[in-house]
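A.B. asks: Have a look at this fold, sequence not included:
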């Protein structure tokens, strides 16, 4: 502990000296904002530090000239969003105001300017610009313009919360910019598989909604919106399973010979009267039965613009699923069997799943591929 205190007594002055030189170095480099922060931190620890007290007013004055000059340049520019730039400059100056006010020693040598009113006023001006841009976009009465208007009104509210009726107009723009996509019931050649197809469609719609792949795209199950008079979809997604085949059960039988060299106690005793271990070869025949059911199919889908019946996208997504079960028996010496052989022997003769279950398994890879395709399509929409 004594060694640590001695170490601290040597290092602490060095750290303080470095901090002082660091602030002075920042000032000499023209980094006035950082220099002000460094000097204030020093004065919080050592209120009588001569270098900080001498250079802090100069650093603050230089920082103010820098940011006020940038604010004036922005005001004189033709940038329609110049008030946002001005607000950012004022916020930087206000940050230094707060820094200096946090240290009594710093506040004694510098009287920082409060820019809170200027920030509020520039925020109002900036919000008005965004608000007016949103109004102009809304007058175009297109979905794309409505989406852009939504961003403008949202920006206005970030600049000045509760600005006029920007919140209400933002919500209106959002609704006008939405693309409503109705997902049809899936056409399956056999009604035997309709329930599984419906499960596929339900999962797809839920997944697309949960992913929120595009803020302005909404998906709807056709069954839930059918008959709603006030609902007008923008796009219609048709789906149809094609070439769906649940194959017959194929049975393949095979056999193979296995052998192992093991050690057993010999029949003859050696000169010491002990029976030494000897190597022998044990053999067995394994009979394997393998049952396989191959299911294949493809889902055709297309997305149609309801207004002009133009096909926006169409594709065929293939899928397959192979169910397999194998088991075995053996004849011969069980000691010849490996661990894998023993697991095979312990297998059971299973009945293949019903066609509906095979259909559902077949749709899993189709579902994953289609969900990715739609996410890619609508993320750029």
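C.D. replies: Looks like it came in fine. These numbers were taken from a predicted model, which means no experiment stands behind them.
A.B. asks: close enough to count as contact, residue 186 and residue 202?
C.D. replies: No: using CB atoms under 8 Å, residue 186 is not in contact with residue 202, being 10.2 Å away. Using the backbone N, CA and C atoms, a C-beta is placed for each residue, glycine as well.
A.B. asks: So which of the two has more stuff around it?
C.D. replies: Neighbours around residue 186 and residue 202, counted as other CB atoms under 10 Å, are more numerous at residue 186. The numbers are 22 against 13.
A.B. asks: What is the neighbour count of the residue nearest to residue 150 when sequence neighbours are not counted?
C.D. replies: Ranked by CB to CB, 6 or more residues apart in numbering and with sequence neighbours excluded, the top spatial neighbour of residue 150 is residue 173, at 4.0 Å. By the criterion of other CB under 10 Å, residue 173 has 24 neighbours.
A.B. asks: Flag the shaky bits of this structure, pLDDT-wise.
C.D. replies: Applying pLDDT under 70 to the chain flags residues 1-21, 189-195.
A.B. asks: Please repeat the previous calculation with a cut-off of 50.
C.D. replies: For the chain, applying pLDDT under 50 flags the ranges 1-20.
A.B. asks: mind checking the longest strand of it?
C.D. replies: Among the segments of the chain that qualify as a strand by DSSP state E, the longest is strand 277-305.
A.B. asks: quick one: it to chain centroid distance?
C.D. replies: Distance of strand 277-305 from the chain centroid (CA atoms, centre = their mean, to the nearest Å) equals 36 Å.
A.B. asks: Pull up the pairing partners for it, direction included.
C.D. replies: Strands flanking strand 277-305 in the sheet, each with its direction: strand 235-246 (antiparallel), strand 250-265 (antiparallel), strand 311-332 (antiparallel) (DSSP bridges).
A.B. asks: Give me the contact list for the first one.
C.D. replies: Pointing back at strand 235-246 there. Residues outside strand 235-246 that contact it (CB atoms under 8 Å, 6 or more residues apart in numbering): 179-184, 186-190, 193, 197, 201, 293, 295-306, 312, 316, 355, 358-359, 362.
A.B. asks: If we use 6 Å, what do you get?
C.D. replies: Here strand 235-246 makes contact (CB atoms under 6 Å, 6 or more residues apart in numbering) with 181-184, 186-188, 295-304, 306, 355, 358.
A.B. asks: got it, and the second one?
C.D. replies: Here strand 250-265 makes contact (CB under 6 Å, 6+ apart) with 275, 277, 279-292, 335-336.
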